[in-house]
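Peer 1: predicted structure and sequence below. I'll ask about it afterward.
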Amino acid sequence: MKSSRPFTGTITALVTPFKNDAVAYDDLRTLVNFQIKSGIDGIVSVGTTGESPTLDHEEHLEVIRATIAAARGRTPVIAGTGSNSTKEAIHLTKESDRAGVDAMLVVAPYYNKPTQQGIFEYFCAIADATDKPIILYSIPGRCGVEISVGIIEKLRARYPHVAWVKEAGGSVDRVDQILQACGDSVTVLSGDDSLTLPFMSVGAKGVISVASNLYPKETGKMVRLALDGDFAKARALHRKLYPMFKTIFIEANPVPIKAALARAGHIASDEVRSPLCPLLEANRKTLFGVLDTLAAKK
């Protein structure tokens with residue numbers, strides 16, 4: 001395993017900014033610098049929040065390369081390389097490795113609903129294609145399948161570089177089950193902002209966050225407090241941020257967070273690619289109202 005990065009704390013699942021249907025690379029570099037200056041612990045490039053389903057393959061890899069170039073080694077860059085095609089996932093993994101990423105975030109194969117044996121073989125094929133760290137990403141709500149605890153155990157036992165799980169199944173029980181089965185050999189990260197603190201209460205070590213696109217300092221502070229064992233202060237911050245955590249998912253991610261970033265001036269446009277579409281006006285009003293209330297509490 002080449003990287004010694006811990007991959008804990010607050011890692012931002014970065015949006016991919018667009019303008020006139022092309023990637024807005026100037027805005028991308030601005031976002032990366034904003035994240036690093038705000039003390040973020042890592043960046044995921046071209047995960048679901050980065051609109052991986054609607055980037056073509058060359059765009060996908062070019063955004064990863066541009067993110068690595070902008071980060072300049074100041075924070076780990078993790079490439080989203082999962083697919084519902086094993087061959088495609090291997091290609092993205094190898095090319096991302098060649099580009100110089102620190103790790104890969106690999107989602108369970110979506111839509112075609114393989115058996116757990118199929119999921120195991122999919123991850124084995126990807127793990128055989130790189131010796132960079134691999135973060136398993138289980139999100140049954142989007143994929144239609146979860147990565148079972150047993151498969152996580154088997155993968156961890158076979159591959160030293162498969163030692164992280166982004167868990168987005170919405171269950172504290174499942175986080176506990178993973179850690180009961182694997183102990184300290186696996187690091188669990190929350191894949192849901194509003195569940196970060198509950199997950200950390202049973203042993204998760206941080207979050208891969210959407211909210212930190214806009215609130216890297218605040219989200220990072222909450223996570224650091226929890227990692228330091230100060231759950232009273234972490235809980236107070238969680239409750240302050242909770243309405244925002246929920247409202248940034250008022251429509252499909254990343255539509256609301258892009259609207260919020262554009263409003264704050266971090267990106268020039270809240271453009272998303274079809275079939276996603278601009279935030280409905282009623283939801284925009286609700287979202288901005290929640291953000292204004294949060295700002296008034298500072």
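Peer 2: Good, I have the coordinates.
Peer 1: tell me which residues in stretch 230-248 are buried?
Peer 2: For stretch 230-248, a neighbour-count test (16 or more other Cβ atoms under 10 Å) marks 234, 237-238, 241, 244-245, 247-248 as buried. In this view, the C-beta of every residue, glycine as well, is placed from N, C-alpha and C.
Peer 1: same check on stretch 105-120?
Peer 2: Judged by neighbour count (16+ other Cβ under 10 Å), stretch 105-120 contains these buried residues: 105-110, 114, 119-120.
Peer 1: ranges for the helices of the stretch 151-298 of the chain?
Peer 2: If DSSP state H, counting those that start in this stretch is used as the criterion, the helices of the stretch 151-298 of the chain fall at 172-182, 196-201, 216-227, 231-247, 255-264, 281-296.
Peer 1: number of residues surrounding the nearest residue to residue 20 once chain neighbours are set aside?
Peer 2: Distances taken as Cβ to Cβ, 6 or more residues apart in numbering put residue 271 closest to residue 20, at 7.9 Å, once the chain neighbours are dropped. Using other Cβ atoms under 10 Å, the number of residues around residue 271 comes to 17.
Peer 1: so how far is residue 258 from residue 271?
Peer 2: Residue 271 sits 7 Å away from residue 258, going by Cβ to Cβ, to the nearest Å.
Peer 1: what touches both of these two?
Peer 2: residue 17 (Cβ atoms under 8 Å, 6 or more residues apart in numbering).
Peer 1: contacting residues for residue 110?
Peer 2: Residues counted as contacts of residue 110 (Cβ under 8 Å, 6+ apart) are 84, 142-145.
Peer 1: list only buried entries from those residues.
Peer 2: Using 16+ other Cβ under 10 Å, the buried members of the contacts of residue 110 are 84, 143, 145.
Peer 1: state the distance from residue 172 to residue 245.
Peer 2: For residue 172, the distance to residue 245 equals 16 Å [Cβ to Cβ].
Peer 1: likewise residue 272?
Peer 2: Noted for residue 272: a distance of 20 Å to residue 245, by Cβ to Cβ.
Peer 1: and if you look at residue 19?
Peer 2: Separation of residue 19 from residue 245 (Cβ to Cβ): 28 Å.
Peer 1: pipe the helices of the stretch 151-298 of the chain into JSON lines and attach distance to residue 77 and mean pLDDT per row.
Peer 2: Formatted as JSON lines, the helices of the stretch 151-298 of the chain follow (distance: least, Cβ to Cβ, whole Å; pLDDT from 0 to 100):
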{"stretch": "helix 172-182", "distance to residue 77": "25", "mean pLDDT": "97"}
{"stretch": "helix 196-201", "distance to residue 77": "21", "mean pLDDT": "98"}
{"stretch": "helix 216-227", "distance to residue 77": "15", "mean pLDDT": "98"}
{"stretch": "helix 231-247", "distance to residue 77": "24", "mean pLDDT": "98"}
{"stretch": "helix 255-264", "distance to residue 77": "19", "mean pLDDT": "98"}
{"stretch": "helix 281-296", "distance to residue 77": "28", "mean pLDDT": "97"}
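Peer 1: between these, which gets nearest to residue 80?
Peer 2: Checking these against residue 80 by Cβ to Cβ gives helix 255-264 as the closest, at 16.0 Å.
Peer 1: for the closest one, name the packing helices and strands.
Peer 2: Applying 3 or more Cβ pairs under 8 Å, 6 or more residues apart in numbering; DSSP states H and E, one finds that helix 255-264 makes contact with helix 281-296.
Peer 1: and the helix it packs on, what does it pack against?
Peer 2: Against helix 281-296 (3+ Cβ pairs under 8 Å, 6+ apart) you get helix 231-247, helix 255-264.
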